[in-house]
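# just coords:
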């Protein structure tokens, strides 16, 4: 079973913010990717895949890199698309440098844009460490610009517990596609675990509140992971990488010097390095012993921590990097296990009782 | 899971296929709000719809 792959590339390790929950190590090198490495990576992926080629350009903060780089690599992928794949590019930014002019320029090159927002302005100011007091307002302005054409991600920290309605309203004002991410203390974010990590019980209650607001919302906002879970209950799996060993194994992380990792969030775990794309081919790296770790974990969980769990197929035990961060062991299940089960159970009940009604309002889930 | 001496690449592909086999829809077609044609089309997309890191557009900051 050969499957296409995607990559999340750190175009730079530099960043203009210092978010308290950042999964990168703050003592990391501050390297930028070269065009040669980016091109080798694209060449390899475009030759390996058979149907599509998706590249997410992230960081650090990717917009610290000049737009000419993004123009060049988009052009390169078009010119080297020998198999006529469906190629797409996205950039994930913190929004600091995303002027309207720049946004339009990057979109004109064909890039989709995603940003991050901490749900409430005061939390954004508290969690994103910056010396500029007015910056948070500017970031919100940059991420929206009167449009709702960027996806947004909010990390669920203890700062947001009890403020779900406010967060939901803010996200709805700013975007048509949002995601609530779990906070996994890792990298420099480890130091803040005591203050930012919600209890499992709080996380469960919070996620259920978000789900309920989304479920009863008559708008067609996409709110993940719920949209994805609902979709997954129909197809048999949830597609996001932190809920699916299958997706996880197919989305690789690459650092600026071309080291390929199991995940873009695991670049500070040397044991998750598959190899270097400048020294070998993607074909050589795929399925190697390091890459197998994600799949081995699924089977270990199936016979271990998650044995007999009815939700394994829609959870896969959660994100392995998260497990490594929390428990120091990839083969453990997610810290948020009970919170996830509560959400799955509620969605399952809702769909069994009133599936048609819920789906009728959520047509974008199927797009 | 395949634990024998298959080449590592084959093992990877076998394991991926096994994981896919484990997955099953939880919502019956009639509860999905989709027409039978839409439902069938939706399921047929399964092996491919997951593969994109496009979710990162809304994903990681």
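Looks like it came in fine. Quantities reported herein were computed from a predicted structural model and do not represent experimental measurements.
# all contacts plus neighbour counts: C-alpha atoms, from now on.
Will do.
# mind listing the strands for the stretch 101-250 of chain A?
Under the criterion DSSP state E, counting those that start in this stretch, the stretch 101-250 of chain A carries strands at the ranges A:111-116, A:128-129, A:151-156, A:177-182, A:222-224.
# other SSEs contacting the third one?
With contacts defined as 3 or more C-alpha pairs under 8 Å, 6 or more residues apart in numbering or on different chains; DSSP states H and E, the secondary structure elements packing on strand A:151-156 are strand A:111-116, strand A:177-182.
# surely residue A:315 meets residue A:236?
No: in terms of C-alpha atoms under 8 Å, residue A:315 does not count as a neighbour of residue A:236; the distance is 10.8 Å.
# what does the stretch 201-350 of chain A have sitting close to chain B?
Contacts of the stretch 201-350 of chain A with chain B, taken as C-alpha under 8 Å from any C-alpha of the partner chain, map to A:232-237, A:239-240, A:245-247, A:250-251, A:286-289, A:292, A:295, A:299, A:313-314, A:348.
# now with 6 Å, please.
Applying C-alpha under 6 Å from any C-alpha of the partner chain, we find that the stretch 201-350 of chain A lies next to chain B at A:233-236, A:239, A:247, A:287, A:313.
# which of those residues sits closest to chain B?
Closest approach between these and chain B, by C-alpha to the nearest C-alpha: residue A:236, at 3.6 Å.
# tell me who's in contact with residue A:280.
By C-alpha atoms under 6 Å, 6 or more residues apart in numbering or on different chains, residue A:280 lies in contact with nothing.
# list just the nearest of the residues of the stretch 201-350 of chain A next to chain B to residue A:61.
Of all these, residue A:247 has the smallest distance to residue A:61: 24.4 Å, by C-alpha to C-alpha.
# report how many residues lie close to the closest residue to chain A within chain B.
Here chain B gets closest to chain A at one residue, residue B:25, 3.6 Å apart by C-alpha to the nearest C-alpha. Residue B:25 is flanked by 16 other residues according to other C-alpha atoms under 10 Å in any protein chain shown.
# tell me the SS of it?
coil (DSSP: H, G, I helix; E, B strand; the rest coil).
# cool, and residue A:308?
Residue A:308 ends up coil, using three-state DSSP.
# where's the residue nearest to it when sequence neighbours are not counted, which helix or strand?
With sequence-adjacent residues excluded and distances taken as C-alpha to C-alpha, 6 or more residues apart in numbering or on different chains, residue A:308 is closest to residue A:302, at 7.4 Å. Using DSSP states H and E, residue A:302 sits within helix A:292-303.
# and residue B:6, what pLDDT?
Listed pLDDT for residue B:6 reads 61.
# next: residue B:49.
Per the predicted model, pLDDT is 54 at residue B:49.
# same deal with residue A:144?
According to the prediction, residue A:144 has pLDDT 89.
# cool, and residue A:4?
87.
# and the helices in the chain?
No chain in the question, so chain A it is. A:35-48, A:67-79, A:100-108, A:121-127, A:135-144, A:164-174, A:193-196, A:200-216, A:226-235, A:245-248, A:282-285, A:292-303, A:320-327, A:337-361 (DSSP state H).
# my bad, the chain I had in mind was chain B
B:8-22, B:36-44, B:46-49.
# need the ones you listed in JSON lines with distance to residue A:169 and mean neighbour count, can you?
Converted to JSON lines, those look like this (distance: least, C-alpha to C-alpha, whole Å; neighbours: other C-alpha atoms under 10 Å in any protein chain shown):
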{"stretch": "helix B:8-22", "distance to residue A:169": "37", "mean neighbour count": "18"}
{"stretch": "helix B:36-44", "distance to residue A:169": "31", "mean neighbour count": "13"}
{"stretch": "helix B:46-49", "distance to residue A:169": "29", "mean neighbour count": "14"}
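# report the helix or strand with the lowest average pLDDT across chain B.
The weakest-scoring helix or strand in chain B, judged by mean pLDDT, DSSP states H and E, is helix B:46-49 (a mean of 56).
# coming back round to it: how about the helices of chain A in CSV, adding mean neighbour count and distance to residue A:2?
Formatted as CSV, the helices of chain A follow (neighbours: other C-alpha atoms under 10 Å in any protein chain shown; distance: least, C-alpha to C-alpha, whole Å):
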stretch, mean neighbour count, distance to residue A:2
helix A:35-48, 20, 10
helix A:67-79, 16, 22
helix A:100-108, 14, 32
helix A:121-127, 17, 41
helix A:135-144, 20, 37
helix A:164-174, 18, 38
helix A:193-196, 15, 39
helix A:200-216, 18, 35
helix A:226-235, 23, 20
helix A:245-248, 27, 12
helix A:282-285, 17, 11
helix A:292-303, 20, 14
helix A:320-327, 22, 22
helix A:337-361, 17, 30
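# can I get those helices in a markdown table with distance to residue A:4?
Shown next, in a markdown table, are these (distance: least, C-alpha to C-alpha, whole Å):
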| stretch | distance to residue A:4 |
| --- | --- |
| helix A:35-48 | 7 |
| helix A:67-79 | 16 |
| helix A:100-108 | 25 |
| helix A:121-127 | 36 |
| helix A:135-144 | 31 |
| helix A:164-174 | 32 |
| helix A:193-196 | 36 |
| helix A:200-216 | 31 |
| helix A:226-235 | 19 |
| helix A:245-248 | 10 |
| helix A:282-285 | 11 |
| helix A:292-303 | 16 |
| helix A:320-327 | 21 |
| helix A:337-361 | 28 |
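# cool, thanks, talk later.
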